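Enquirer: Provided below for reference: sequence and predicted model.
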Amino acid sequence: MPDDQETQDVLAQLRAAEEGTLPERMGIEVGEATPQRVVGTMPVAGNTQPYGLMHGGASCVLAETLGSIGAALYAAPDRLAVGTEINATHHRAVRHGTVTGVATPIHLGRTVATYGIEITDERDRRVCTARLSCMIVDRV
């Protein structure tokens, strides 16, 4: 697992590579990031489906973004994390405001990192529960 400086270096690399990416377009902002906990927010506006509800795929993008950051920090500095599977259960519809996702590890192994991600609305009601698994691979 990386030390604090390595964590900051990985976060700096991720931020530098963010321009023009899907998380940037969706307005995802990460406020806290360590291998043990990643917290981020996303506006509902602009991430809705035709009925005016937050799109389930937007929840998946938020979950994968946060879980992937946690896995990347866990794998650093010598290895990379590559997403292999995501699933999500949508519990509640959201029409406006901001949602917050919190990713915490379920399993941190030599070759697989799995994160549970809870997404809540502004009233702290659970909107979505997701799980992301990433392979931990050597840098090429």
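Expert: Yep, it's here.
Enquirer: what does the helix or strand hosting Q5 contact?
Expert: Using DSSP states H and E, Q5 maps to helix 4-16. Around helix 4-16, the neighbours that count as contacts under C-beta atoms under 8 Å, 6 or more residues apart in numbering are P2, A33, T34, P35, I69, A72, L73, A76, P77. Bear in mind the C-beta positions are built from the backbone N, C-alpha and C, glycine included.
Enquirer: now the nearest residue to P77 once chain neighbours are set aside: how far from V61?
Expert: Among residues not flanking P77 along the chain, E6 sits closest, at 4.8 Å (C-beta to C-beta, 6 or more residues apart in numbering). According to C-beta to C-beta, to the nearest Å, E6 stands 26 Å off from V61.
Enquirer: so these two - more neighbours on which side?
Expert: Between E6 and V61, counting by other C-beta atoms under 10 Å, V61 is the more crowded of the two (20 against 14).
Enquirer: am I right that the more buried one is in a helix?
Expert: Yes: judged by DSSP: H, G, I helix; E, B strand; the rest coil, V61 forms part of a helix.
Enquirer: correct me, but it touches R25?
Expert: No: contact criterion C-beta atoms under 8 Å: V61 and R25 do not qualify, at 9.5 Å.
Enquirer: in this protein, which residue is most central in space?
Expert: Note on the chain: the residue nearest the mean C-alpha position is L66, at 1.4 Å, using C-alpha atoms, centre = their mean.
Enquirer: so what's that one up against?
Expert: Applying C-beta under 8 Å, 6+ apart, we find L66 in contact with V30, V38, V39, G40, G101, V102, A103, Y115, I117.
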